[in-house]
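Chemist: give me a 3D structure for the following:
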Amino acid sequence: MRLNQKEQSIVEDIKELSSQAGSHSPSVLSLSEKIPDLDIKVDACFLSNPYATDLFAEKLQKDLISSGKLREVLEFYPSQNQVIAECLAEHLQVPPEKIFLGNGATEIIQAVIHNFTSRKIIINIPTFSPYYEFVPEGVEVVYNELYQEGEFRFDLEGYIRLVEAKRPDTIVIINPNNPSGCYLTLSEIETLVQRLHWVENIIIDESFMHFAFEDQSYELITATHLSARFQNLIIIKSMSKDFGIAGIRAGYAIMERGRVDDLLDNGYLWNLSGLAEYFFRLYADPEFQKEYDRVRIRYIKETQKFFKGLARIDGLRVYPSLGNFILVELINGWTACDFASALLIKHGVYSRDCNDKIGLEGEFVRIASRSGQENEYILQSIADVMQSGNSGQTETVQDNNLVQLSFWEREDCDIQGMMLNPEADKIEARDRMEVLSYLPDLTGKRILEPAAGIGRFTTHFALQSEKVVALDFVEDFIALNRNICAPFANISHQAADIMKAEFEPESFDVIFINWLLMYLEDADLEVLKKRMVQWLSPGGKLFLRESCVSSSNPDEPHPHTSYRDPQVYEELFVPDFEIVNSGRIEAYVQEYGNSNQRWWLFKK
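Modeler: Here you go, the predicted structure:
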């Protein structure tokens, strides 16, 4: 991707700001102030859950701003460290005297290492740089390298052998690790702490633990309970990552009471702001926790699907992550600096160039997960940069299939997800039965069902036809379809993109399409039509149902959908098909007053 002279100048300005920021990235505010020509649309550098930020902002608006209590929080002194700790104790299930609150986790890291580390510290690399930047003079640093060949995974037995050989007084584990995203299970952490019980300071940084999960319950995981058994355990937790409140500066640590007292006696008695105190009191509220857990789980699911989307982009190698970020290696010739600059300048997506990370050899960037809509934009932007970089072109290349896949992978595998309607239960059965009533006799027919989804129609086809090929490009959808249709031997399921599917000529008597063409670009329509003409037998039928003119919900249209005029589809197919019948879906007219759900039955 070529940059013009002005854009090259911006790259140099970015490099200058990055050098001034040391081993950290410049903030979005700094970039915007110093380089006003930049149009930053998505911050995929900062690591936080945007849905939790929204939740906190709503509470802040209600509790402080709308009520007029914000002035009190700003005007009056906040409570002392241990008073706020008492508010957290019940939620954390830890005695308040073992809780130390910090003006951000970074302050806690510095306080712990400066006060309790005296001889030798073992730090994994690559990792969060303050852990080695804050090491006092005279303390030996031993690095435990997480190897790229092993996908930066943590070798528990190898690590224990290293610690036993080096005999440090402090070891540090970030779990999940930043920037690699590798994760130690709770049982592995317990094993580590038990076998290294003699180490004076075992620091477990759980700043990203709210994004990790060990099963599909997505239950919150923490090693906090181990602090009751092991006095050498220090657990550190940043709140910025969970809630996107870096501006408030809030974090906590759990450690032995004597250590807390030492820190409080050394200048940390009154180190939180009034806003931080408000946050911690809100955080400890059980009702708030219930609301937070819902958005936390939603974010985890969307994040993991986002990672799958990144893995499908040519030229990238992504490494497994249970954080809310992913480490990406550029393997097509891009340098990390050039890639991050092009992504920022051309598309306004701010990512983390990892050239300064000790322990990384190669070209790496770290990309944070954002909201679902922002993740779509990130995927689209990266696909464009990668494709333009390979071709030398500067124009934007829209990878529509990638964007669509990212969108649908975030939808739940249920009727609401298939119909993009939270109230689908009210209309699904009427809609399905009405659509089926417009179909020709399917007895003994060979049916192709693209965009089959979870199988709203597939079982009905199997009851009558000779065979059914059910196809969908979302693997989770087709897997559920396969399970639902397990009793039928005449169904073949394929996890595939219809635009890449290959079938023999005249393989089918009926092709059934329910909501598909509206998600394709204009150029793809003609290509798919020609293929379907070949796939259908002479006199074969094509059933088509699409949303036309406008979304069923104008307030929330699918962002990558073409709501075409019905005439567009008729003009597309009539040269090769005749229209047997057509109309509107009456269930939508009756329920929503929507006459733009249209259907056609074509004959080849």
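Chemist: so I447 is in which element?
Modeler: According to DSSP states H and E, I447 maps onto strand 446-449.
Chemist: enumerate the positions of the very next helix or strand once past that strand that are buried.
Modeler: For strand 446-449, the succeeding helix or strand toward the C-terminus, using DSSP H and E, is helix 458-464. For helix 458-464, the buried set under the neighbour-count rule, 16 or more other C-beta atoms under 10 Å, comprises T458, T459, H460, F461, A462. To be clear about C-beta, it is placed using only N, CA and C from the backbone, and glycine gets the same treatment.
Chemist: how near is the residue lying closest to the second one once chain neighbours are set aside to C182?
Modeler: For T459, the nearest residue in space outside its immediate sequence neighbours is C485; the separation is 5.7 Å by C-beta to C-beta, 6 or more residues apart in numbering. C485 is 38 Å from C182, where distance means C-beta to C-beta, to the nearest Å.
Chemist: just to check, F457 is in contact with Y438?
Modeler: No - with contacts counted by C-beta atoms under 8 Å, F457 stays clear of Y438, the gap being 11.9 Å.
Chemist: these two: who's more crowded?
Modeler: When F457 and Y438 are compared for neighbours, F457 comes out ahead with 20 against 16, by other C-beta atoms under 10 Å.
Chemist: and the longest helix belonging to the chain, what does it pack onto?
Modeler: Scanning the chain for the helix with the most residues, using DSSP state H, yields helix 286-311. If contacts are counted by 3 or more C-beta pairs under 8 Å, 6 or more residues apart in numbering; DSSP states H and E, helix 286-311 sits against helix 50-60, strand 316-318, strand 325-330, helix 372-391, helix 400-409.
Chemist: show me which residues of whichever helix or strand comes after the last one are buried.
Modeler: Proceeding N to C from helix 400-409, the next assigned helix or strand is helix 415-419, under DSSP H and E. Neighbour counts over helix 415-419 (16+ other C-beta under 10 Å) mark I415, G417, M418, M419 as buried.
Chemist: now the first one. Nearest residue, chain neighbours left out?
Modeler: Spelled out, that is I415. Closest to I415 by C-beta to C-beta, 6+ apart is A424, at 4.6 Å.
Chemist: for the one you found, give me the pLDDT.
Modeler: At A424, the model reports a pLDDT of 81.
Chemist: average model confidence for stretch 261-280?
Modeler: Mean predicted confidence for stretch 261-280 is 93.
Chemist: any idea how far it is from the chain center?
Modeler: How far stretch 261-280 lies from its chain's middle: 33 Å, per C-alpha atoms, centre = their mean, to the nearest Å.
Chemist: export only the CA atoms of that stretch, formatted as PDB.
Modeler: This file holds the C-alpha atoms of stretch 261-280, laid out as PDB (Å, rounded to 0.1, in the frame of the first residue of the first chain):
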ATOM      1  CA  ASP A 261       0.400  -2.500  56.400                       C
ATOM      2  CA  ASP A 262       3.900  -1.900  55.000                       C
ATOM      3  CA  LEU A 263       2.500  -0.200  51.900                       C
ATOM      4  CA  LEU A 264       0.000   1.900  53.800                       C
ATOM      5  CA  ASP A 265       2.800   3.100  56.100                       C
ATOM      6  CA  ASN A 266       4.900   4.100  53.000                       C
ATOM      7  CA  GLY A 267       2.600   6.700  51.500                       C
ATOM      8  CA  TYR A 268      -0.300   4.800  50.000                       C
ATOM      9  CA  LEU A 269      -2.900   5.500  52.700                       C
ATOM     10  CA  TRP A 270      -4.800   8.100  50.700                       C
ATOM     11  CA  ASN A 271      -4.100   7.300  47.100                       C
ATOM     12  CA  LEU A 272      -7.500   7.100  45.300                       C
ATOM     13  CA  SER A 273      -9.700   9.700  43.800                       C
ATOM     14  CA  GLY A 274     -13.400  10.200  44.600                       C
ATOM     15  CA  LEU A 275     -14.300   8.800  41.200                       C
ATOM     16  CA  ALA A 276     -12.300   5.700  41.900                       C
ATOM     17  CA  GLU A 277     -14.000   5.300  45.200                       C
ATOM     18  CA  TYR A 278     -17.400   5.600  43.500                       C
ATOM     19  CA  PHE A 279     -16.400   3.000  41.000                       C
ATOM     20  CA  PHE A 280     -15.300   0.500  43.700                       C
END
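Chemist: offset the numbering so it begins at 177, please.
Modeler: Taking 177 as the first residue, the last one we looked at is stretch 437-456.
Chemist: mind listing what's buried in it?
Modeler: So, applying 16+ other C-beta under 10 Å, buried residues of stretch 437-456: 438-440, 444, 447-456.
Chemist: run through who's touching it.
Modeler: For stretch 437-456, the external contacting residues (C-beta atoms under 8 Å, 6 or more residues apart in numbering) are 232, 236, 239-240, 249-250, 252-258, 260, 263-264, 273, 276-279, 283, 287-288, 291, 415, 419, 421, 424-426, 428.
Chemist: now do 7 Å
Modeler: For stretch 437-456, contacts defined as C-beta atoms under 7 Å, 6 or more residues apart in numbering pick out 240, 249-250, 252, 254-257, 260, 263-264, 276-279, 287, 291, 415, 421, 424-426.
Chemist: one more: stretch 655-669?
Modeler: 589, 628-631, 634-635, 638, 641-646, 654.
Chemist: out of those residues, what pair is the most spread apart?
Modeler: In the contacts of stretch 655-669, the most distant members under the criterion C-beta to C-beta are C589 and E642, with 27.9 Å between them.
Chemist: the more surrounded of these two?
Modeler: Using other C-beta under 10 Å as the criterion, C589 and E642 rank with C589 on top: 16 against 13.
Chemist: any idea how far the more buried one lies from D438?
Modeler: Distance, C589 to D438, by C-beta to C-beta: 52 Å.
Chemist: okay, now the unreliable bits of this structure?
Modeler: Residues of the chain meeting the criterion pLDDT under 70: 177-181, 198-199, 565-588, 727-736.
Chemist: can you tell me the centre-most residue of it?
Modeler: For the chain, the residue sitting closest to the mean C-alpha position, by C-alpha atoms, centre = their mean, is T479 at 1.7 Å.
Chemist: separation between that one and L486?
Modeler: According to C-beta to C-beta, T479 stands 11 Å off from L486.
Chemist: if you count residues, where's the longest strand of this structure?
Modeler: In the chain, taking DSSP state E as the definition, the longest strand is strand 712-723.
Chemist: buried residues of that one, list them for me.
Modeler: For strand 712-723, by 16+ other C-beta under 10 Å, it's L712, G716, K717, L718, F719, L720, R721, E722, S723.
Chemist: stretch 275-294 too?
Modeler: Result for stretch 275-294 [16+ other C-beta under 10 Å]: buried residues 275-289, 292-293.
Chemist: mind listing which of these are in strands?
Modeler: Counting by DSSP E, the buried residues of stretch 275-294 place I275, F276, L277, G278 in strands.
Chemist: so which of those is the closest to V204?
Modeler: Among those, and counting by C-beta to C-beta, the member closest to V204 is G278, at 23.5 Å.
Chemist: what bridges to that closest one?
Modeler: Beta bridges link G278 to G427, judged by DSSP bridges.
Chemist: just checking, it touches I285?
Modeler: No - counting by C-beta atoms under 7 Å, G278 sits too far from I285 to count as a contact (8.5 Å).
Chemist: what about S564, neighbour count?
Modeler: When neighbours are defined as other C-beta under 10 Å, S564 has 18 of them.
Chemist: quick check: S194 vs E209, distance?
Modeler: 15 Å.
Chemist: higher neighbour count, these two?
Modeler: Just comparing S194 and E209: by other C-beta under 10 Å the higher neighbour count belongs to S194, 19 against 11.
Chemist: spell out the residue ranges of the strands in the stretch 627-776 of the chain.
Modeler: Along the stretch 627-776 of the chain, counting by DSSP state E, counting those that start in this stretch, strands occupy 643-648, 667-671, 684-690, 712-723, 754-760, 773-779.
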